[in-house]
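**Q** got a predicted structure plus its sequence, pasted below:
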Protein chains: 4
Amino acid sequence: MKRVFSFGLWTVMNRGADPFGAPTRSPLDPLQVISGLAAHGAQAFELHAEDLIPPGSLLAERDRLIHEARQRMDDAGIRCVACGSDVFSEPIFKDGGLVSNEARVRRLAIARYAAAIDVGHLLGAPLFNIWGGRDGAEVDASRSPIDALKRLRDGFNELAAHIARHGYAMRLSIEPKPNEPRGDLYLSTVGHALAFIATLDQPDRVGVVPELAHAAMAGLNPAHEIAHALYAGKLFGIHLNGQRPLRFDQDLRFGGANLKDSFFVVKLLEDEDWPGPRSFDAHPYRTTDEQGVWDFVQGCISAYKILAEKVRRFNEDLEVHQLLAEIRSWDVSVPPVETAAEGSPRRAFLYDRLDHLVFEILMGTR
Amino acid sequence: MKRVFSFGLWTVMNRGADPFGAPTRSPLDPLQVISGLAAHGAQAFELHAEDLIPPGSLLAERDRLIHEARQRMDDAGIRCVACGSDVFSEPIFKDGGLVSNEARVRRLAIARYAAAIDVGHLLGAPLFNIWGGRDGAEVDASRSPIDALKRLRDGFNELAAHIARHGYAMRLSIEPKPNEPRGDLYLSTVGHALAFIATLDQPDRVGVVPELAHAAMAGLNPAHEIAHALYAGKLFGIHLNGQRPLRFDQDLRFGGANLKDSFFVVKLLEDEDWPGPRSFDAHPYRTTDEQGVWDFVQGCISAYKILAEKVRRFNEDLEVHQLLAEIRSWDVSVPPVETAAEGSPRRAFLYDRLDHLVFEILMGTR
Amino acid sequence: MKRVFSFGLWTVMNRGADPFGAPTRSPLDPLQVISGLAAHGAQAFELHAEDLIPPGSLLAERDRLIHEARQRMDDAGIRCVACGSDVFSEPIFKDGGLVSNEARVRRLAIARYAAAIDVGHLLGAPLFNIWGGRDGAEVDASRSPIDALKRLRDGFNELAAHIARHGYAMRLSIEPKPNEPRGDLYLSTVGHALAFIATLDQPDRVGVVPELAHAAMAGLNPAHEIAHALYAGKLFGIHLNGQRPLRFDQDLRFGGANLKDSFFVVKLLEDEDWPGPRSFDAHPYRTTDEQGVWDFVQGCISAYKILAEKVRRFNEDLEVHQLLAEIRSWDVSVPPVETAAEGSPRRAFLYDRLDHLVFEILMGTR
Amino acid sequence: MKRVFSFGLWTVMNRGADPFGAPTRSPLDPLQVISGLAAHGAQAFELHAEDLIPPGSLLAERDRLIHEARQRMDDAGIRCVACGSDVFSEPIFKDGGLVSNEARVRRLAIARYAAAIDVGHLLGAPLFNIWGGRDGAEVDASRSPIDALKRLRDGFNELAAHIARHGYAMRLSIEPKPNEPRGDLYLSTVGHALAFIATLDQPDRVGVVPELAHAAMAGLNPAHEIAHALYAGKLFGIHLNGQRPLRFDQDLRFGGANLKDSFFVVKLLEDEDWPGPRSFDAHPYRTTDEQGVWDFVQGCISAYKILAEKVRRFNEDLEVHQLLAEIRSWDVSVPPVETAAEGSPRRAFLYDRLDHLVFEILMGTR
């Protein structure tokens, strides 16, 4: 299997602004970013439709931009693996996109997503990924959380119907996040997204895109998050990045934090031969300029490759093999419930050694 | 609707030990606890079968203890609303109950749960609630998290089959928790439990029992957790308590922390007329003695009643009414997607005022 | 003692932008804000010099603006209790203000602070408060944290010398914060700020301004943070607000979260007769408009008054009195070390009851 | 400099109990542990006096045990680098050791510490380290946090006087921790401990012993914690271990989590030539038996050595050198405040590259 590396256009276009500081980098042109990603080792990209097409563009302008993007994609040999829509930046969505207390804003959000789905289709994106950054609350008195879930359901149903009506070969996905920018987001973890999907009209069309940083923000084990998605047959994409816990959403370079968690995420993806693109949703440090942006891109890809190589070494390490074989030897067929022996001798699990071997393999000392 | 208040027997029987300290209270007899709870305002209790029946008891001893308990329940006018099993304390389960890497231990866990289901049935419990405190990992190299989910699935399927085979009128539930005592637990939140349930053979028989402290440990909004369960028709029980975030599992007295979150939890239960027992899973401070234990019981019930009264006041407050009516007025039918007007005037949401009214109602100053 | 309520000008001038969204409110004129605060119950304000005087203003322009502000202050009967400087927004400070790896940027930061000290002096501010929002790091390889502390020390020494040289009757303070916008800030908590102050040339001139939200971000008990400052004689100011833990810096309306912690903070300030201004550093929800801004102002003040009244009730409650008297009765003189009796009977502490009384007093049900 | 590796006796003697589970390992004899540590690569140990001498032992028994220990130390060539006392396990201390609301309990705590100081002296320990695990609160109504600090001050003063009176060549230290087992501990971080020390009668005798896991529990950067201690000249010891954030106190094997933070901690200790013992305060997984205990010991030491080697490589890496040299080149003398040029060109910081080099060095791929 040839791995596909992908970046959100917005990651490279990020200008370094934060809640307490102005942008530190000049705007980059999305077409240049498409070429630049290809030139720096990526085979694919994701985008918010708005990264390419300014909100309010006329149809002709939209088509021109899409045409240029497709040309650029052909030239550079890079494809679009997921599209989304920025239904979070503009003030109109301040109380929510799909969950706003204003019906007309919910309508508008659906319209915006639908229009972005069309853009995604025209760019050949097989996935439309929704991170509903405003679909949450700070003031629980303002809206029943059950109503919020019903509104989300109605919205997703309508978007799935839009896709079906147009016969697009496109799937939908949810990217969950526990909080930020809203105080609490309704679709907070992979688990919540999976449970929610089961209540939709066409659940088969909808999956999840876990993000490592979002899992870390809730203190959850990112590999376990991804395991839930794989177990449910719903891992439609992944957003790789880094996050120091107990902090705002940092979107650090992959490999910039959570080294061990990142290893186990890569291990799961590789061991399960997950065929999807390894997509990065992070951004360069605010301290950097354009040169650093491409360092960032190369750093993410390099970190993944290094960790994938660690996975190979782990799987081939003789002592690891031996320890795992011993563990497997305990997993033999056993008598039925009634005769299970409480009095059996206590087994010791050599997990301290096994875990130290992980450390050594990660450090490259074996 | 008459509210039913319930406590886990283990809450009152808690002896005040912690990871750094020995017990500070003498053991209490479970039968006395049953009477004591009834005498202090509870109409129901939950238990781990082991609270009543010491592990290893012979069948005759089991039946004698159940008989005594039923008699005590009749005398005191208190019923059993949920049973569980302690498949976490004993060393044999150190690597997991249903997910252990030893097949014989998984068998044993199932046997233990099945035996406890029988006990629950004999006590008239309509619910068997499973908190699999050992079903997690610290060493991810030791077990694929996907295998863990498959083992959990097999275990739950077998237990549901046990209930069906015996024709018990009993439902199953999962009490999720993100971590502790294991480094990471596989069924970490309400969302994960709901998603997992959908993969079982008999999903209709299985629901969730959210615990406030467990939600707070993952930084999630407990009212949102419960909303997910209600939205999915899966709120089979609830564990009320308090938790200061960013800490070990504190199981504080209801009302001892998270006052505003607790209000919105109570609001959801009351507004939705949720019929289940208001069950407390907390424990007295380690600093107290038996007198304090009953203070604790009364404190929990008192706090719920006070918060329920706050809900009533909130729902009847004129200014709240007016603000919510205004919010609802925005939720009128709107033109179809195509004509949603981006240029409409910006709406202001008076949430600062609304949220301050919540504060004032909570403080009793209006 | 007449309580003085104060707001940062920046709190009311906050326009509702966040890392994922554009401003939702129009800019407010600082002079109008000064009048508006007075009209809505505040007796004082804090500011960043830049709130009033745009960076790059000439001296004449500065003096004109200060003159107008003083006039407005006289007219409205409101005073300035603290000044600071925005040494965090502009890209030049992206790697730090006082700790930047560029010596010329550190110089610039000192110059900016010094100029703002002059402004504060001209506005009659008795305190210059420094929150060094950029004085941290994401990349620990880029700078030794010890060097960072030395640079901070040099900077603070220079600023204290500036004040002394000009004979200003002004004290300095540090507002600590654990992270955001930098990944880790060097002066992270009240404790770290206090320890750092002891290493300065003129430690007596420098104190701390704890902020509730910042303490909550590190999971610390805000009342304990303030107690450390009071114990050290260093509580030079306070920033009151709300924060749901495990989240980005929310700066919620006082009373909008952490109700119990807020009560104990108010209790400490009131019980200790702390004479400083009760200053709010929060902002209205992004969902609101200007009307909501003043609701927000009134909500903060109202919440403080209500909590202060709760403190009075707590201190006068008969059962509380009795419980505290009992606790005090144990605190009698005891024999010297050598004869301390290990075998004494175990004391029970009726803390479950005491804590529930706090709950009831907070709820207004006693 | 020859590095000294040290373990708390309690780490190896840990029996695998946790709040939800019984011990999984048999008790180990402290004398055997002393020998065992020496045999597995440690040159030193720490202890709680109670690890060696059961509480309540008569003086003759105490002296016999100390004599045996010293003999064992001589035989094995291992020394005692720090002593402490378990003033947290027993119920008498449930409301606090030095801060208890009972004066006689505070007396007892001081007596216990003083007796343990004597033991430490007899074992040749140069440091007496106090982690006051019970010196906190859950019920803030029960005690003013300012009173708590005063009681702590009185206690530490008395212990320092005890040491001075006996002419022991021993220093005191505080090991701070934010919470657990108490809801909130008063000496929560390195910063708070340093600030507190400044208020003691003999501050020069008292320093801090930071623990990585404790720092991580408050979301603080452990290297920054240690930098504060070094900057203040107060790093009297260190406790190395691992901790996944947002969780109970895990005391994981060094190298078991926080790999990058651990690297920067080791880097600081090595770069600063800190002469103290590298002491581990962790415990084996509950899943293991005695064999795993020694795996754990070797894993900790091995992880430190590997990370120290990484530090050497980082310091010798040519590209790292170049990047750091460039950073240093910006740190040249600059004109005085008055002429600092705001308009200078923006500098880009190649931190994305630098940080990725850290990743690669850690992974052993350069």
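**A** Noted; the coordinates are in hand. All of these numbers come straight from a predicted model, not from anything done at the bench.
**Q** surely A:Leu37 is in a strand?
**A** No - in this structure, A:Leu37 is helix, not part of a strand, as judged by DSSP: H, G, I helix; E, B strand; the rest coil.
**Q** next one: it from D:Ser188, what distance?
**A** Taking C-beta to C-beta, to the nearest Å as the measure, A:Leu37 falls 45 Å from D:Ser188. (Each C-beta comes from the backbone N, C-alpha and C, glycine too.)
**Q** which ones are touching the closest residue to A:Trp131 other than its chain neighbours?
**A** What sits nearest to A:Trp131 in space, not counting adjacent residues and going by C-beta to C-beta, 6 or more residues apart in numbering or on different chains, is A:Glu175, at 4.0 Å. A:Glu175 makes contacts with A:129-131, A:208-211, A:214, A:239, as judged by C-beta atoms under 8 Å, 6 or more residues apart in numbering or on different chains.
**Q** more neighbours: A:Leu37 and D:Ser188, which one.
**A** D:Ser188 (29 against 24; other C-beta atoms under 10 Å in any protein chain shown).
**Q** residue in chain A nearest to chain D?
**A** Closest to chain D within chain A is A:Gly364: 1.9 Å, counting by C-beta to the nearest C-beta.
**Q** per-residue pLDDT of A:Asp184, please?
**A** The score at A:Asp184 is 98. That number is its pLDDT.
**Q** now swap in A:Phe349 and tell me
**A** 83.
**Q** using the three-state scheme, assign it.
**A** Per three-state DSSP, A:Phe349 ends up coil.
**Q** which residues in the stretch 151-300 of chain A form helices?
**A** In the stretch 151-300 of chain A, the helices defined using DSSP state H, counting those that start in this stretch lie at A:190-197, A:212-217, A:222-231, A:259-271, A:290-316.
**Q** and the contacts of A:Glu175, which is closest to C:Phe5?
**A** Taking C-beta to C-beta as the measure, C:Phe5 sits nearest to A:His214 out of these, at 38.4 Å.
**Q** returning to that earlier point: for chain C, find the nearest of the helices of the stretch 151-300 of chain A.
**A** helix A:212-217 (7.5 Å).
**Q** buried residues in the closest one?
**A** The neighbour-count check on helix A:212-217 (16 or more other C-beta atoms under 10 Å in any protein chain shown) flags A:212-217 as buried.
**Q** which among the residues you listed gets closest to A:Leu9?
**A** For the buried residues of helix A:212-217, the nearest to A:Leu9 is A:Ala213 (18.3 Å; C-beta to C-beta).
**Q** against A:Ser262, how distant is the closest one?
**A** For A:Ala213, the distance to A:Ser262 - C-beta to C-beta - is 11 Å.
**Q** what do you get for A:Glu138?
**A** In terms of C-beta to C-beta, A:Glu138 sits 32 Å off from A:Ser262.
**Q** who's more crowded, those two?
**A** A:Ser262 (25 against 22).
**Q** check contacts around the more buried one.
**A** Counted by C-beta under 8 Å, 6+ apart, A:Ser262 has contacts A:212, A:222, A:240, A:242, A:254-255, A:303, A:307.
**Q** ok, back up a step: same list (the buried residues of helix A:212-217) but as JSON lines, adding pLDDT and distance to A:Lys94.
**A** Formatted as JSON lines, those follow (pLDDT from 0 to 100; distance: C-beta to C-beta, whole Å):
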{"residue": "A:Leu212", "pLDDT": "98", "distance to A:Lys94": "28"}
{"residue": "A:Ala213", "pLDDT": "98", "distance to A:Lys94": "23"}
{"residue": "A:His214", "pLDDT": "98", "distance to A:Lys94": "21"}
{"residue": "A:Ala215", "pLDDT": "98", "distance to A:Lys94": "26"}
{"residue": "A:Ala216", "pLDDT": "97", "distance to A:Lys94": "27"}
{"residue": "A:Met217", "pLDDT": "97", "distance to A:Lys94": "22"}
